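A.B. asks: Here is a sequence with its predicted model. Questions after.
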Protein chains: 2
Amino acid sequence: MAQSPLIEQLVVALKCLPGVGPKSAQRIAFHLLERDRDGARTLAGALNRASDEVGNCRCCRTLTEDEFCQLCANTQRDRTLLCIVETPSDVAAVEYTASYNGLYFVLMGHLSPLDGIGVEQLGLPLLADRLDQSEVKEVILATNATVEGEATAHYIAEMARGLGVKTTRLAQGVPMGGELEYVDGGTLTHALNGRREM
Amino acid sequence: MAQSPLIEQLVVALKCLPGVGPKSAQRIAFHLLERDRDGARTLAGALNRASDEVGNCRCCRTLTEDEFCQLCANTQRDRTLLCIVETPSDVAAVEYTASYNGLYFVLMGHLSPLDGIGVEQLGLPLLADRLDQSEVKEVILATNATVEGEATAHYIAEMARGLGVKTTRLAQGVPMGGELEYVDGGTLTHALNGRREM
């Protein structure tokens, strides 16, 4: 492609965005240069500032530029409930429901020994200290319902049991609006096993 | 959302990208912060540099950081052919075919009086000078096959005729692999009117 080097560099750099391939990258580059240079400069500033300053909350490990994230610093939250999730996006998803008022602990991943992600990388020693010392009465395991998420949940459940803390797991079953005909067998098995009296 | 301000600013800034809404913006922000801060910093640099330095080619008006773009500066290209397109992406699309060896003139839009885009904004006086003074023998009108693109093409065709330059328009017809059953009536009319002897 006979494109000028700076545009080419921008196209290559845009490909670091998830879901952006060569075609979209070129479309985005031209869009920004033709119509929204202010937006591009604002984005550059936001990327630099966030990359330099955002770290992890000392308490729950989620992404934040402060020592403690806004949820951990909020004295209105119920400190006896601790929800364990894999990523900051999961915190956002649970917060979005507005049906949980406890605190979080973010693993920033799941157990995956082959990728070198073990107990240390997930901050489980920190979690053990917290369960041991703080007023947490119930741990809600909200890791993904994948093989790795389940394995991680089981590991943490064992750990919490050893420390005498009650442990629960998110319910599994038919999703809202789901039609039985199209629900997979595994989910239906979970829904049957977890059936509740009406 | 109880998100830290810097992350929130990054999410808002990411929404300037075409096709990125609030959900994707958050997904992209977390992806970059969790896994690719180097990519984020490189992108920020590329955005800043391109926004500051990329301007328009003095000859064909396409986006470039140099005085003349690589195509206009290339002495191997056929200077008697001039292809008129709406945007730099269109240049990329024609170049990608590898079946054109002439030069380009980029309108950076199409005639749209209601949006205040007229003859001046499209650089048509510059084009008229060029047709008058340079060795261009044929103008190929490759504006989009939309109402505005056709109107722009007609305007330029009149102008070129006045200056005694031969003017052609991209052929319209059935696209490659197109099935007649699914081709719209307008396209089929063009295909019939433009039929060629085999």
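C.D. replies: Thanks, I have the structure now.
A.B. asks: What is the subsequent helix or strand relative to the strand or helix carrying A:A50?
C.D. replies: In this assignment (DSSP states H and E), A:A50 forms part of helix A:37-53. Downstream of helix A:37-53, the next assigned helix or strand under DSSP H and E is strand A:55-56.
A.B. asks: Check which helices and strands that next one is in contact with.
C.D. replies: strand A:63-64 (3 or more CB pairs under 8 Å, 6 or more residues apart in numbering or on different chains; DSSP states H and E). Just so you know, the C-beta spots here come from the backbone N, C-alpha and C atoms, and that holds for glycine as well.
A.B. asks: list the contacts for A:N101?
C.D. replies: If a contact means CB atoms under 8 Å, 6 or more residues apart in numbering or on different chains, then A:N101 has A:76-78, A:81 as its contacts.
A.B. asks: what's the spacing between it and chain B?
C.D. replies: Counting by CB to the nearest CB, to the nearest Å, the gap from A:N101 to chain B is 12 Å.
A.B. asks: Over to A:G116?
C.D. replies: 15 Å.
A.B. asks: For that residue, the count of nearby residues, please.
C.D. replies: 8 (other CB atoms under 10 Å in any protein chain shown).
A.B. asks: That one and A:A153, how far apart?
C.D. replies: 20 Å (CB to CB, to the nearest Å).
A.B. asks: same deal with A:A13?
C.D. replies: Taking CB to CB, one finds A:A13 at 38 Å from A:A153.
A.B. asks: got it, and A:F30?
C.D. replies: Distance from A:F30 to A:A153, by CB to CB: 46 Å.
A.B. asks: how far does the lowest-mean-pLDDT helix or strand in chain A sit from the chain's center?
C.D. replies: Counting by mean pLDDT, DSSP states H and E, the weakest-scoring helix or strand in chain A turns out to be helix A:185-193, with a mean of 87. Mean-position distance between helix A:185-193 and its chain equals 25 Å (CA atoms, centre = their mean, to the nearest Å).
A.B. asks: Now do the contacts for A:H31.
C.D. replies: A:H31 touches B:17-18, counting by CB under 8 Å, 6+ apart.
A.B. asks: Do the longest strand along chain A and chain B come into contact?
C.D. replies: Of all segments of type strand in chain A, defined using DSSP state E, the longest is strand A:78-85. No. Under the criterion of CB under 8 Å from any CB of the partner chain, chain B is not reached by strand A:78-85; the shortest gap measures 12.2 Å.
A.B. asks: elements contacting that strand?
C.D. replies: Against strand A:78-85 (3+ CB pairs under 8 Å, 6+ apart) you get helix A:88-97, strand A:102-106, helix A:124-133, strand A:138-141.
A.B. asks: 10 Å instead?
C.D. replies: helix A:88-97, strand A:102-106, helix A:124-133, strand A:138-141, helix A:147-162, strand A:166-169 (3 or more CB pairs under 10 Å, 6 or more residues apart in numbering or on different chains; DSSP states H and E).
A.B. asks: I'd like those laid out as CSV, including mean neighbour count.
C.D. replies: Formatted as CSV, the helices and strands packed on strand A:78-85 follow (neighbours: other CB atoms under 10 Å in any protein chain shown):
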stretch, mean neighbour count
helix A:88-97, 17
strand A:102-106, 23
helix A:124-133, 16
strand A:138-141, 20
helix A:147-162, 17
strand A:166-169, 15
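A.B. asks: which ones are touching the residue most central in space within chain A?
C.D. replies: Centroid-nearest residue in chain A: A:T87, 1.7 Å away (criterion: CA atoms, centre = their mean). Applying CB atoms under 10 Å, 6 or more residues apart in numbering or on different chains to A:T87 gives the contacts A:62-63, A:93, A:106-110, A:143-144, B:30-31, B:34.
A.B. asks: Looking at those residues, spot the one nearest B:L124.
C.D. replies: In terms of CB to CB, no member of the contacts of A:T87 lies closer to B:L124 than B:H31, at 44.2 Å.
A.B. asks: May I see the buried residues of the helix holding A:A50?
C.D. replies: A:39-51 (16 or more other CB atoms under 10 Å in any protein chain shown).
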